[in-house]
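Chemist: What follows is a predicted structure for the sequence shown.
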Amino acid sequence: MSLNWKEINLILEELELEGSQIQGVVQSAFEVIVMRLHKKGQTRHLLVSLSSGACRVHETFSSFPKSDKPLRFAQFLNSRIVNGWITEAVQLGDNRIVKITVKRGEFTYNLYLRLWSNAANFIVTDDAGTVLDAMRRLPKRGEITGGHYPLLTAEDTAASNLPNRLPIAEVPDHLPAVGQGISAANVVPKEKPRREYVIREIPGQGSFNKKIDEFYAAQGGSLSLDALREQARRTCEGSIGRINAALERLREKEAKFADAERYKIYGDLILSNIGAIKPDDKWLAVEEGGEIVRIELEPRVNPSAQAGKYFDRYKKAKSGLEEIQREISAGERELKEVTEKLNRLLGESNPLVLAKLLKGTERVSVSPAKKEKTRPGLTFKRGDWLIIVGRDANENDKLLRRYVNGNDLWLHARDYHGSYVFIKKRSGKTVPLDILLDAGNLAVFYSKGRNNREGDLFYTHVKYLRRAKNGPKGLVIPTQEKNLHIKLDDARLRSLENCRVY
């Protein structure tokens, strides 16, 4: 619902803008401008909206956000009309075009607010009618810098030269004689029937400006609370659904790994019953805890080797279970954050503030199991220090090639395959011991020596790494390395998990 011309007149009469000084301009959204006005010790805020279906101008009594980055048109207005004085503010006839004349020093500016739903615009001209800028730049209409916008007055619009004054032709009631065509001489012009407008009854208390402000805050077009809240639901609930689906898949994997102890028991039972296993046996059936346990065997494979395979499966399952549980914990935290964000958005009662908040919410992240990462591996942020972990040869190689620099610190388990861990360099800073211990714990934890609970590392700067000639992907030979012995610290690892960046 846009304002009609009678409502615009009533709003301007209540505001009495003449004599007001413009003290600031804020562009809360692309189609919304708020001007701060001061007159006789009173400060008011004039809102201009070009939103389709909600074109309007009125005083706003609600708080409004400032853009994080000032938009072009607001910057232009601040450079030209701030500290200027309004000398005239009128509607041009009944055409829903408001003309505000601003005097600043020796310069005069005309602000035209065209409040037409399908062709709204905010145009600024000089006193000769040259367009200085427009909120919507429309070259075909000449509404661009350097274009010309006719200098209109209220008297101009009284004539039939604007869209809703155009006459239409009416064919006479009698038909012309045979051979006589219809010509301009026998067509009687008829004016288009005028639609009668009234000032609508708006619920609420106070001035018409206040009622209109409250009405549009609740129902006004694309900036309405209902529309914005629905947008918030679509954005956040989509993310919530994706996170829940990812968590369900992770919990299914968790259930599969949950019986890791079974593989260890199988290995122990095979070793304790080696004498009972024959070369061609496919199963070993033994009693354990009053029950018969059947263990699958590979024929003609040494029983000790078969036990070793079950121990390897136990280690892999246990390691995988810990990783999955960390991902589940991270997903649950993210689910809580998105849910809380949705509740905050739905609780916001100011549509301008809600519109601004939604700009950031459009990028609500999805589950770490699904989202596309800009950097491979795991990232941890402890204070101002960044620690990056490559979990396999591919990630190690990508990090080395694209994401680390010569002065970054590199750590790796000395006697085991495992992750490359990098500490990003900070200008003028030496890596603190606490950060070095964090990175060292990660290097041991993400190595094949994790189950030993301790191990030796070497560390050096990336610039002292040399790629192994004809070696596998990611393999490097360090120089000028130093040694570090690390015992895994569970408390430190738990605190690092809280510092993980997703």
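Modeler: Good, I have the coordinates. None of the values given here were measured: they were computed from a predicted structure. Residues are numbered from 1 along each chain as shown.
Chemist: Report the buried residues of stretch 137-145.
Modeler: For stretch 137-145, burial by neighbour count (16 or more other Cβ atoms under 10 Å) applies to 137, 141, 143. C-beta: built from backbone N, CA, C; applies to glycine.
Chemist: Likewise for stretch 257-271?
Modeler: Under the neighbour-count criterion of 16+ other Cβ under 10 Å, stretch 257-271 has 257, 260, 263-267, 269-270 buried.
Chemist: any chance of the buried residues of stretch 137-145 in CSV, with pLDDT, distance to residue 293 and secondary structure too?
Modeler: Compiled in CSV, the buried residues of stretch 137-145 are given as follows (pLDDT from 0 to 100; distance: Cβ to Cβ, whole Å; DSSP: H, G, I helix; E, B strand; the rest coil):
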residue, pLDDT, distance to residue 293, secondary structure
137, 90, 79, coil
141, 88, 85, helix
143, 93, 84, strand
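Chemist: hang on, the earlier thing: could you list which of the buried residues of stretch 257-271 belong to helices?
Modeler: 257, 260, 263-267, 269-270 (DSSP state H).
Chemist: Tell me the one among the residues you listed nearest to residue 323.
Modeler: residue 257 (9.3 Å; Cβ to Cβ).
Chemist: quick one, what contacts that closest one?
Modeler: If a contact means Cβ atoms under 8 Å, 6 or more residues apart in numbering, then residue 257 has 317-318, 320-321, 324 as its contacts.
Chemist: Write the PyMOL selection for whichever of those are buried.
Modeler: The PyMOL command for the buried members of the contacts of residue 257 (criterion: 16+ other Cβ under 10 Å) is given here:
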select buried, resi 317+318+321+324
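Chemist: Specify which member of the contacts of residue 257 is nearest to residue 4.
Modeler: residue 324 (62.2 Å).
Chemist: can you pull out the strands in the stretch 1-150 of the chain?
Modeler: 21-29, 32-39, 42-49, 56-59, 85-91, 97-104, 107-114, 121-126, 131-134 (DSSP state E, counting those that start in this stretch).
Chemist: follow-up on the earlier one: generate TSV for the buried residues of stretch 257-271, with pLDDT and distance to residue 203 as supplementary columns.
Modeler: As requested, these are exported to TSV (pLDDT from 0 to 100; distance: Cβ to Cβ, whole Å):
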residue	pLDDT	distance to residue 203
257	73	61
260	73	65
263	83	71
264	85	72
265	85	74
266	85	75
267	85	77
269	88	79
270	87	81
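Chemist: just curious, which of those is nearest to residue 450?
Modeler: residue 260 (14.3 Å).
Chemist: Find the nearest non-adjacent residue to that closest one, please.
Modeler: In this structure, residue 260 finds its nearest non-sequential neighbour in residue 317, 3.6 Å apart by Cβ to Cβ, 6 or more residues apart in numbering.
Chemist: ok, now which ones touch that neighbour?
Modeler: The neighbourhood of residue 317, defined by Cβ under 8 Å, 6+ apart, consists of 257, 259-260, 263.
Chemist: looking only at pLDDT, what's the mean for the helix or strand where it lies?
Modeler: In the assignment (DSSP states H and E), residue 317 maps to helix 303-347. In this model, helix 303-347 has an average pLDDT of 83.
Chemist: ok, back up a step: out of the contacts of residue 257, flag the one nearest to residue 206.
Modeler: residue 324 (59.0 Å).
Chemist: show me what contacts that closest one?
Modeler: Residue 324 neighbours (Cβ under 8 Å, 6+ apart): 250, 253-254, 257.
Chemist: Please apply the same query to residue 437.
Modeler: Residue 437 sits in contact with 486, 489, 492, where contact means Cβ under 8 Å, 6+ apart.
Chemist: The residue nearest to the second one when sequence neighbours are not counted and residue 248, how far apart?
Modeler: What it means is residue 489. In space, and not counting its chain neighbours, residue 489 is closest to residue 441: 5.8 Å by Cβ to Cβ, 6+ apart. As for residue 441, its distance to residue 248 is 31 Å (criterion: Cβ to Cβ, to the nearest Å).
Chemist: Which residue of these two possesses the greater neighbour count?
Modeler: Comparing residue 441 with residue 248 by other Cβ atoms under 10 Å, the one with more neighbours is residue 441, at 20 against 10.
Chemist: Please identify the helix or strand for that one.
Modeler: helix 433-445.
Chemist: now residue 237
Modeler: Using DSSP H and E, residue 237 sits in helix 225-257.
Chemist: Give the buried residues for that helix.
Modeler: Buried residues in helix 225-257 (16+ other Cβ under 10 Å): 225, 227-229, 231-232, 235-236, 239-240, 242-243, 246-247, 250, 253-254, 257.
Chemist: do you know how far the spatially closest residue to residue 257 that is not a sequence neighbour is from residue 430?
Modeler: Closest residue in space to residue 257, ignoring its immediate chain neighbours: residue 321 at 4.0 Å, by Cβ to Cβ, 6+ apart. Distance of residue 321 to residue 430, given as Cβ to Cβ: 38 Å.
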